[in-house]
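K.L.:
Need coordinates for the below:
(one chain, ligands or ions: 2)
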Amino acid sequence: MPSVIDPCALPELIHPDDALPMLLKQVNTISETTTLDLADALDFVLAGDIQSSINLPPFDNSAMDGYAFRFSDLDHSLSITSLTLVGTALAGHPFSGELHDGCCIRIMTGAPVPNGLDTVQMQELTQAKDNRISITHPKKQGANIRTLGEEVNVGQTVLSKGTRIRAAELGVLATLGMDKVSVIRKLKVAFFSTGDELKPVGTELKKGQIYDSNRYSIKGLLSKAQVEWLDLGIIEDCPQAIEQAFNQAAQQADLVLTSGGVSVGDADHVKQVLDKVGEITFWRLAMKPGKPFAMGKLNNAIFCGLPGNPVASMVTFYQLVMPLIEKMQGQGQNPRLKVQAILTNDIRRKPGRVEYQRGVLTYDNQGQLSVATTGAQGSGMLTSMSTANCFIHIPREQGQLLSGETVIVEPFNFVLS
Ligand SMILES: Nc1nc2c(c(=O)[nH]1)N[C@H]1C(S)=C(S)[C@@H](COP(=O)(O)OP(=O)(O)OC[C@H]3O[C@@H](n4cnc5c(N)ncnc54)[C@H](O)[C@@H]3O)O[C@H]1N2
Ligand code: MOO
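P.N.:
Residues are numbered from 1 along each chain as shown. Ligands and ions are numbered 1, 2, ... in the order given. Here you go, the predicted structure:
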């Protein structure tokens, strides 16, 4: 029984592992699709399965620069056979001459292997003298040939609905010869910061004011998530102004994100306004940072209220909003990689909330994964996110941790890197 509990860990707080399915249950995938030129499709999500209309490779071709011949023409009582050179095949320029017994052709990587020849030997294992080529025997018939359809057959499903088109998928679609692709339209996300203390960058600060950093980190995250975003700026701590911004955001977006004003302070109006003009699905999670995270609905839009503390807003975006965006965009959930690592410093903490400490994960020359925290973990210290390459996941009931203990680490994926 732990002696001291985190005073912020009220019993009614929802475990983030329970919050995520609740959150995902509230959202549907966008049904509208659009057809794009392949060149414009990067980072969109496929609206349907992709079946190949061709075989890959479309013809037998050489995997090496060398010589093509019939395996049966080799004298298998020897280890080297001399064959007669009768022509050349280059990529894009097939050989079209006669092939008699005991002949070979010079062939380059990617060139079609003529009907009747069945094996290629790489140039380095051959010797050319005039039109005679001495070939060191390959181990087997068919060596160094990439055969028709060995990767993909006509009609085969190559990519599934819900796949995000990354560089590799763009290339795969091009390999299939597709110039157009049907995708799910981009999610529209509106966001604003709340807080009378917030000033835009490029202006001068008066006493008590700070710069609005959250709109920038959230914009960065939204850009990585490949959504269409609408920045509604900084909204003052005034219920009427927040209500007006909510209405504007909900008219234009599928998802409305705010930062700040979701805790219990006298100027924290976001939750009350949401309660008035929309509906609250849940509020306050047993997570650190990120406790006051709120989720709800604003007319047809989904609402997520991120806490104002800059690290809390990024952590809740990554842990909760990102999976929600993935679902709304029709993408399968990206499984988050988690690994075990040896902690190299003590962590003092009280049980009560799941914690996402910022860490630096390293792989040492003994083949060991080690992790150190980035230092002070205040949820206002955004430099801790910038220094980190991973989260150290600490379970709700865990008390302090000592150097040398094994911890679970979640390396940042492309959204945070
Ligand atoms: N009595 C309690 N106080 C607090 C609690 C609590 O449970 N009881 N929770 C704490 C936790 S945990 C968090 S996280 C914060 C979150 O509060 P809010 O979401 O209401 O955020 P604000 O009060 O508006 O701001 C918190 C903090 O962050 C700064 N901030 C806000 N917006 C931005 C921005 N866009 N860019 C940069 N920095 C921002 C703001 O100035 C405050 O310092 O509440 C705790 N309090
Ligand atoms: O722990 Mo709060 O959730 O970020 O400061």
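K.L.:
Isn't G149 up against I54?
P.N.:
No - G149 sits out of contact with I54 when judged by CB atoms under 8 Å, with a separation of 9.1 Å. C-beta coordinates here come from the backbone N, C-alpha and C atoms, glycine included.
K.L.:
What helices and strands are in contact with the longest helix anywhere in the chain?
P.N.:
What stands out as the longest helix in the chain, according to DSSP state H, is helix 239-252. With contacts defined as 3 or more CB pairs under 8 Å, 6 or more residues apart in numbering; DSSP states H and E, the secondary structure elements packing on helix 239-252 are strand 188-194, strand 228-235, strand 255-259, helix 270-277, strand 294-298, strand 301-306.
K.L.:
Residues contacting it, please?
P.N.:
Where contact means CB atoms under 8 Å, 6 or more residues apart in numbering, the residues beyond helix 239-252 that reach it are 188, 190-192, 194, 230, 232, 235, 256, 261, 269-270, 272-274, 276-278, 298-301, 303.
K.L.:
In TSV, list the helices and strands packed on helix 239-252 along with mean neighbour count, distance to ligand 2 and mean pLDDT.
P.N.:
Conversion of the helices and strands packed on helix 239-252 to TSV gives the following (neighbours: other CB atoms under 10 Å; distance: least, CB to the nearest ligand atom, whole Å; pLDDT from 0 to 100):
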stretch	mean neighbour count	distance to ligand 2	mean pLDDT
strand 188-194	24	15	98
strand 228-235	18	20	97
strand 255-259	28	12	98
helix 270-277	19	14	94
strand 294-298	22	12	96
strand 301-306	25	10	97
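K.L.:
mind checking the SS state of A376?
P.N.:
Each residue gets one of three states, and A376 gets coil by DSSP: H, G, I helix; E, B strand; the rest coil.
K.L.:
returning to that earlier point: give the rounded mean pLDDT of the longest helix of the chain.
P.N.:
Averaging the model's pLDDT scores along helix 239-252 yields 97.
K.L.:
how about the helices and strands packed on helix 239-252 in CSV, adding distance to ligand 1?
P.N.:
As requested, these are exported to CSV (distance: least, CB to the nearest ligand atom, whole Å):
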stretch, distance to ligand 1
strand 188-194, 4
strand 228-235, 7
strand 255-259, 5
helix 270-277, 7
strand 294-298, 9
strand 301-306, 7
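K.L.:
and this structure, which residues reach ligand 2?
P.N.:
Selection of the chain residues close to ligand 2 by CB under 6 Å from any ligand atom yields 288-291, 307, 309, 312, 379.
K.L.:
Could you dump those residues into CSV and include secondary structure, pLDDT and distance to R336?
P.N.:
Putting the residues of the chain next to ligand 2 into CSV (DSSP: H, G, I helix; E, B strand; the rest coil; pLDDT from 0 to 100; distance: CB to CB, whole Å) gives the following:
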residue, secondary structure, pLDDT, distance to R336
K288, strand, 97, 18
P289, coil, 97, 18
G290, coil, 97, 16
K291, coil, 96, 21
P307, coil, 97, 21
N309, coil, 98, 22
A312, helix, 98, 19
S379, coil, 97, 21
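K.L.:
Turn those residues into a markdown table, columns for distance to K180 and neighbour count.
P.N.:
Below are the residues of the chain next to ligand 2 laid out as a markdown table (distance: CB to CB, whole Å; neighbours: other CB atoms under 10 Å):
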| residue | distance to K180 | neighbour count |
| --- | --- | --- |
| K288 | 47 | 24 |
| P289 | 44 | 25 |
| G290 | 42 | 29 |
| K291 | 47 | 23 |
| P307 | 43 | 27 |
| N309 | 45 | 23 |
| A312 | 43 | 26 |
| S379 | 46 | 20 |
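K.L.:
Closest one of those residues to K140?
P.N.:
G290 (59.2 Å; CB to CB).
K.L.:
Test my guess that the closest one contacts M314.
P.N.:
No - judged on CB under 8 Å, G290 makes no contact with M314 at a distance of 9.2 Å.
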